[in-house]
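Student: coordinates only, no sequence provided:
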């Protein structure tokens, strides 16, 4: 099939003007992680049939395909055309042309979410403790609460001893129960840096009365400092916001530029078929399975901020969030708005007709094709962990050189 092309400069222009564009890297994830444009999303060519309908909900959205000379673009275009996608083009010259134009190439996965987290820390000076400082507080039986903001399965695999699972978007909703004494110091951790920075800053932005600190470099930093991780924990933080938390979360969203809408406005967004609309329910999986609004896909808020490229590969699209308690949607939306998204929170309640059933799960890729993150699982070489941290430290400068991100920090 004859496929039209766009230049690297065309893509840069679209990103700067916040036009819709899905820039898809058709290589396997392990190769994608070696380098790609900031807002590229990975969709390996052999997963198009599995993923496209979920990740690319509008069939005429602008899609640009590229590889690095492997010859995957023609096959990818044919597969998308067979699924009804009608606005598919190729990046002229592929990744080699992007590099030749002098544009930045970012390593790893979820790169722009991680770069945004580093920018937040740089702009807000998000406070943190070192692993040794936290270990001493634990040994001294200090008045602390360690809240792990990763997915529960990550937490159960390995965690800081004594910590409790409170996934990212749940923090403001559960901090009052996890640390009811305002004199308790809350320590927020993830596996590396991003989720602990965003989680810590979420509580600070929402005005939690407690002192809050991130565990610097998460479980990676803990391991590199020669401290021992626990395994198999199952402690979950209960719901209980701190006083005024929900109202303060709404104020954070307002300051970030989030708009709250009702059923009529949602219908208008859905009816505007010239724009891509992602609809996400940001509650936990059990709540979603028990009953959710029709048309909303499950995506926990903390993970949505962490892996936005996976959830919403059409940069410039609109995002609509739902949450029966409001707090999680407000905090999630506040971060997405700062990442340059046009984001809305739905204020419709859950009293009407709901769909019941578990979240849609996409089959996992072949492990041989997957990038093994240096911050997950066990048995990762310390050299790889340190190299990962060193890469993250350089992301703010790389964002500055790239110049297309459009991020801001409230």
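Tutor: Nice, thanks for sending it over. Bear in mind that the values here come from a model prediction, so they are computed numbers and not experimental data.
Student: low-confidence ranges in the stretch 201-350 of the chain?
Tutor: Along the stretch 201-350 of the chain, segments meeting pLDDT under 70 are nowhere present.
Student: where do the strands of it begin and end?
Tutor: Remark: strands assigned in the stretch 201-350 of the chain by DSSP state E, counting those that start in this stretch are 212-215, 259-261, 277-281, 297-298, 318-322, 342-346.
Student: is it possible to export the ones you listed to a markdown table including distance to residue 30?
Tutor: Bear in mind the C-beta positions are built from the backbone N, C-alpha and C, glycine included. Shown next, in a markdown table, are these (distance: least, Cβ to Cβ, whole Å):
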| stretch | distance to residue 30 |
| --- | --- |
| strand 212-215 | 28 |
| strand 259-261 | 39 |
| strand 277-281 | 26 |
| strand 297-298 | 26 |
| strand 318-322 | 28 |
| strand 342-346 | 31 |
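Student: wait, which of those strands is closest to residue 384?
Tutor: strand 212-215 (19.5 Å; Cβ to Cβ).
Student: where's the nearest residue to residue 298 once chain neighbours are set aside relative to residue 34, distance?
Tutor: Spatial nearest neighbour of residue 298, excluding adjacent residues (Cβ to Cβ, 6 or more residues apart in numbering): residue 359 at 3.5 Å. Here the criterion is Cβ to Cβ, to the nearest Å. By it, residue 359 lies 30 Å from residue 34.
Student: which one of those two is surrounded by more residues?
Tutor: When residue 359 and residue 34 are compared on other Cβ atoms under 10 Å, the one with more neighbours turns out to be residue 359, at 15 against 12.
Student: that one: which element?
Tutor: Following DSSP states H and E, there is no helix or strand that holds residue 359.
Student: now residue 89
Tutor: strand 88-91.
Student: packing partners for that strand?
Tutor: Here strand 88-91 touches strand 5-6, strand 63-66, helix 73-82, going by 3 or more Cβ pairs under 8 Å, 6 or more residues apart in numbering; DSSP states H and E.
Student: who does the second one pair up with?
Tutor: Strands that pair with strand 63-66, judged by DSSP bridges, come out as strand 22-25 (parallel), strand 88-91 (parallel).
Student: residues in contact with the first one?
Tutor: Going back to what we said before, that points to strand 22-25. 11, 32, 36-37, 39-43, 56, 61-67, 76, 91, 95, 313-315 (Cβ atoms under 8 Å, 6 or more residues apart in numbering).
Student: any idea how far residue 5 is from residue 14?
Tutor: 14 Å.
Student: between those two, point out the one with more neighbours.
Tutor: Counted by other Cβ under 10 Å, residue 5 and residue 14 do not tie: residue 14 has more neighbours, with 20 against 14.
Student: wait, the more buried one sits on residue 62?
Tutor: Yes. Judged on Cβ atoms under 8 Å, residue 14 makes contact with residue 62 at a distance of 7.5 Å.
Student: check which residues of stretch 121-136 are buried.
Tutor: 121, 126, 128-129, 131, 134-135 (16 or more other Cβ atoms under 10 Å).
Student: for these, give me TSV that also has distance to residue 52, secondary structure and pLDDT.
Tutor: Shown next, in TSV, are these (distance: Cβ to Cβ, whole Å; DSSP: H, G, I helix; E, B strand; the rest coil; pLDDT from 0 to 100):
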residue	distance to residue 52	secondary structure	pLDDT
121	35	helix	98
126	37	coil	98
128	40	strand	98
129	43	strand	98
131	42	helix	98
134	43	helix	98
135	46	helix	98
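Student: one step back: just name the most buried of the strands paired with strand 63-66.
Tutor: The highest average neighbour count among these, using mean count of other Cβ atoms under 10 Å, belongs to strand 22-25 at a mean of 27.
Student: quick check: mean pLDDT across whichever helix or strand comes after that one?
Tutor: Next helix or strand after strand 22-25 toward the C-terminus (DSSP H and E): helix 29-32. Mean pLDDT, helix 29-32: 97.
Student: how far out from the middle of the chain is helix 29-32?
Tutor: 18 Å (Cα atoms, centre = their mean, to the nearest Å).
Student: I'd like the next helix or strand past it.
Tutor: Proceeding N to C from helix 29-32, the next assigned helix or strand is strand 41-42, under DSSP H and E.
Student: what packs against that next one?
Tutor: strand 22-25, helix 308-311.
Student: what does it rub up against?
Tutor: By Cβ under 8 Å, 6+ apart, the surrounding residues in contact with strand 41-42 are 22-25, 27, 29, 32, 36, 55, 109, 309-310, 313.
Student: one more: stretch 205-216?
Tutor: So stretch 205-216 is contacted by 126-131, 134, 146, 160, 172, 175, 179, 182-189, 193, 196-197, 199-200, 203-204, 221-222, 242-245, 248-249, 252, 331, 334, 410 (Cβ under 8 Å, 6+ apart).
Student: filter those residues down to the ones in helices?
Tutor: 131, 134, 172, 175, 196-197, 199-200, 203-204, 221-222, 245, 248-249, 252, 331, 334 (DSSP state H).
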